[in-house]
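Novice: attaching a predicted model along with its sequence, questions to come.
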Amino acid sequence: MKCYLIGIKGSGMAGLALLLKSDNYEVCGKDVDRYLKNEDKLKEAKIDILPFDDRSYLEADLVIIGHDFYHQDLIEELVKAQVPFFEYHRFLNFYIQSDRLISVAGSHGKTTTVKLLITALKEEVSFLEGDGKGNHDDQERYFVLESCEYKDHFLAYHPRYAIITNVEYDHVDYFKNQQQYDDSFLKFIAQSQKAIVDYEFVEKYDLKNAISYGLNEKATYHYLDYKLEKNFISGTIAKDHQILISFKLPLVGEQFLHHLLVIAAFFDLENLDLEQGFKNLCHFKNAERRFDIEEHDQYVLIDDYAHHPQQIEENLKNVIRCYPNYRHYAIFKPDRKSRFEYFFDEFQKILSEYDHAYVLPLPDNQENKETDVSRIANEKITFLETPNALKDKHHFKAKSTYSLMSSKSLSEISKIIKQIDFKEE
């Protein structure tokens, strides 16, 4: 059976292509004619990426369409040619058995939670991650799926477990206010068999059908103690104040405290070997561009997917904790006009808390036209018209951290920093 994916380089679509390939389907697809990082994974798996003007999808057995490419002209063309088709999330609802589905949703931390869960489970688990990875296990007991709330796509799923990492208002171009955003998560929780939900959201709505976790000791799954070190997290996790496990793991950042509670809750509820699950986490490899640390003699580069003020705040906490005697610089590229405009004050406030921050223009597309990003500049924030302008605007000194933050790649900035001859004080 030939599956043709339109928008195959997207993070979810690339993961789906790899999943279908591992399930022995013939897979190919097309996307925009510019390099996107996920195409490396596709080429390695020998999945053909066809030119954007290719029309051989009209001869496929099944067409799966990424959200950005799902438009009326294409639908009418496929209907006329009598080619079966699905939009991405509709296909997943059709493809995955709900009684095996572990659906990870939330504003932030979805990809990391998925990776932690599949690492802890290790066997009998299929998955689709948000960083362009997917695989089918022949002995599948669970299917772990990253599930996005944007445009209510996750409401297509009715999972065995809904895992909610957090609910911080986002996607303001679709959700008109916080309540509409919250309501979508409430619907998603209600249509799941079980829900493991961040304590703050459970408490906000007094959810009786959700299992809570969090740093608050009133949560069902919580810590009796924990310690954050530069390269490790240690602690003792309890259920209703009864010890479940004590651990020490090579993980960096406060966000992992929350993620690890999810793993403990899931393993406990499923009567799985929690000790073995946490041993498996010693081999955890973080998702791409999630606080990726690259240490050099005189500076530290941190590649971070952060694109929301809450994520940037988390980045700053982590760099201060890991590198307390360094200067801390932020280099931020906003991704969407709607997010930049709505959270403008929050972006400016948190970026001003670094020793200095640099902000790049929005991506050049129709949605982002006529947006003056430069107005974010103040005494602590400099606007850069191009990445190369960093060399003229910034005095490079030793013992500095550089957090490159965006949902878009900032590899050009990374190359520039690596070419600099840093000066000792």
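Specialist: Great, that's in hand. Please read all numbers here as calculations on a predicted model, not as lab measurements.

Novice: which strands or helices does the helix or strand harbouring A14 pack on?
Specialist: According to DSSP states H and E, A14 maps onto helix 11-22. Packing partners of helix 11-22 (3 or more CB pairs under 8 Å, 6 or more residues apart in numbering; DSSP states H and E): strand 2-6, strand 26-30, helix 38-44, helix 88-95, strand 125-128, strand 134-135. Every residue, glycine included, has its C-beta placed from N, CA and C.

Novice: ok, which of those comes nearest A265?
Specialist: The closest of those to A265 is strand 125-128. By CB to CB, the value is 16.7 Å.

Novice: I'd assumed H108 was in contact with E168.
Specialist: Yes. Counting by CB atoms under 8 Å, E168 touches H108, with 6.6 Å between them.

Novice: those two: which has the busier surroundings?
Specialist: H108 (21 against 17; other CB atoms under 10 Å).

Novice: from I64, how far off is F94?
Specialist: Relative to I64, F94 is positioned 10 Å away (CB to CB, to the nearest Å).

Novice: what's opposite V197 in the beta bridge?
Specialist: According to DSSP bridges, the partner residues bridging V197 are I164, S212.

Novice: neighbours of T386, how many?
Specialist: For T386, using other CB under 10 Å, the count is 9.

Novice: who are the contact partners of it?
Specialist: L360 (CB atoms under 8 Å, 6 or more residues apart in numbering).

Novice: shared neighbours of F94 and I64, which are they?
Specialist: What both F94 and I64 touch, as defined by CB under 8 Å, 6+ apart, is the set F86.

Novice: those two: which has the busier surroundings?
Specialist: I64 (27 against 9).

Novice: would you confirm that the more buried one contacts G12?
Specialist: No. The criterion here is CB under 8 Å, and I64 misses it with G12 at 10.3 Å.

Novice: what do those two both touch?
Specialist: Y88.

Novice: I245 is in contact with E275, correct?
Specialist: Yes. With contact defined as CB under 8 Å, E275 counts as touching I245 (6.6 Å).

Novice: the more surrounded of those two?
Specialist: Under the criterion of other CB under 10 Å, the comparison of E275 against I245 puts I245 first, with 18 against 13.

Novice: distance of that one from S234?
Specialist: Counting by CB to CB, the gap from I245 to S234 is 11 Å.

Novice: picking up where we left off before, quick check: neighbours shared by E168 and H108?
Specialist: H308, Q310.

Novice: and the angle from the helix holding A14 to strand 26-30?
Specialist: Angle between the axes of helix 11-22 and strand 26-30 is 160 degrees (criterion: axes from the mean of the first three to the mean of the last three CA atoms, to 10 degrees).

Novice: which positions within the regular element (helix or strand) spanning A265 qualify as buried?
Specialist: In this structure, A265 sits in helix 255-269 according to DSSP H and E. By neighbour count with 16 or more other CB atoms under 10 Å, helix 255-269 contains the buried residues 255-268.

Novice: repeat that for stretch 20-28.
Specialist: L20, K21, S22, D23, V27, C28.

Novice: what's the answer for stretch 38-51, then?
Specialist: N38, E39, K41, L42, I47, I49, L50.

Novice: repeat that for stretch 143-161.
Specialist: 143-149, 152-157, 159-161.

Novice: give me every residue that touches the residue positioned nearest the centre of the chain.
Specialist: Geometric centre of the chain, nearest residue: T111, 4.2 Å, by CA atoms, centre = their mean. For T111, the contacting residues are E129, G130, D131, E146, A287, R290, Y305, by CB under 8 Å, 6+ apart.

Novice: what's the answer for G12, then?
Specialist: Per CB under 8 Å, 6+ apart, neighbours of G12: G66, Y88, L128, G130, E146, C148.

Novice: count of residues packed around the nearest residue to the third one once chain neighbours are set aside?
Specialist: Ranked by CB to CB, 6 or more residues apart in numbering and with sequence neighbours excluded, the top spatial neighbour of L128 is G134, at 4.2 Å. Neighbour count of G134, defined by other CB under 10 Å: 23.

Novice: again, but for the one 4 residues further on
Specialist: A total of 8 residues lie near D138 under the criterion other CB under 10 Å.

Novice: now the strands for the stretch 51-200 of the chain?
Specialist: For the stretch 51-200 of the chain, applying DSSP state E, counting those that start in this stretch gives strands covering 62-65, 85-87, 101-105, 125-128, 134-135, 142-146, 161-164, 194-198.

Novice: for the shortest one, name the packing helices and strands.
Specialist: Using 3+ CB pairs under 8 Å, 6+ apart, the elements in contact with strand 134-135 are helix 11-22, strand 125-128.

Novice: how about the ones you listed, which one is nearest I331?
Specialist: Nearest to I331, of the helices and strands packed on strand 134-135 and by CB to CB, is helix 11-22 at 21.9 Å.

Novice: need the contacts of G12 in JSON lines (columns: distance to Q139 and pLDDT).
Specialist: Below are those laid out as JSON lines (distance: CB to CB, whole Å; pLDDT from 0 to 100):
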{"residue": "G66", "distance to Q139": "30", "pLDDT": "95"}
{"residue": "Y88", "distance to Q139": "26", "pLDDT": "96"}
{"residue": "L128", "distance to Q139": "17", "pLDDT": "95"}
{"residue": "G130", "distance to Q139": "24", "pLDDT": "82"}
{"residue": "E146", "distance to Q139": "22", "pLDDT": "96"}
{"residue": "C148", "distance to Q139": "28", "pLDDT": "95"}
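
Novice: what does stretch 351-359 contact?
Specialist: 312, 316, 327-334, 373, 376-378, 380-384, 390, 393-394, 403.

Novice: quick one: average pLDDT of that stretch?
Specialist: Confidence over stretch 351-359 (mean pLDDT, whole number) is 97.

Novice: gap between V202 and A219?
Specialist: In terms of CB to CB, V202 sits 8 Å off from A219.

Novice: do the same with H283
Specialist: 28 Å.

Novice: got it, and F247?
Specialist: 18 Å.

Novice: returning to that earlier point: next, the angle strand 2-6 makes with the helix holding A14.
Specialist: 170 degrees.

Novice: what angle separates helix 11-22 from strand 142-146?
Specialist: 150 degrees.

Novice: for helix 11-22, output the C-alpha coordinates as PDB.
Specialist: Coordinates of each C-alpha in helix 11-22 appear next as PDB, following Å, rounded to 0.1, in the frame of the first residue of the first chain:
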ATOM      1  CA  SER A  11       7.700  17.400  12.700                       C
ATOM      2  CA  GLY A  12       4.500  15.300  13.100                       C
ATOM      3  CA  MET A  13       4.400  14.300   9.400                       C
ATOM      4  CA  ALA A  14       8.000  13.200   9.300                       C
ATOM      5  CA  GLY A  15       7.400  11.100  12.500                       C
ATOM      6  CA  LEU A  16       4.400   9.600  10.900                       C
ATOM      7  CA  ALA A  17       6.300   8.800   7.700                       C
ATOM      8  CA  LEU A  18       8.900   6.900   9.800                       C
ATOM      9  CA  LEU A  19       6.100   5.100  11.700                       C
ATOM     10  CA  LEU A  20       4.400   3.900   8.500                       C
ATOM     11  CA  LYS A  21       7.700   2.800   7.000                       C
ATOM     12  CA  SER A  22       8.400   0.800  10.200                       C
END
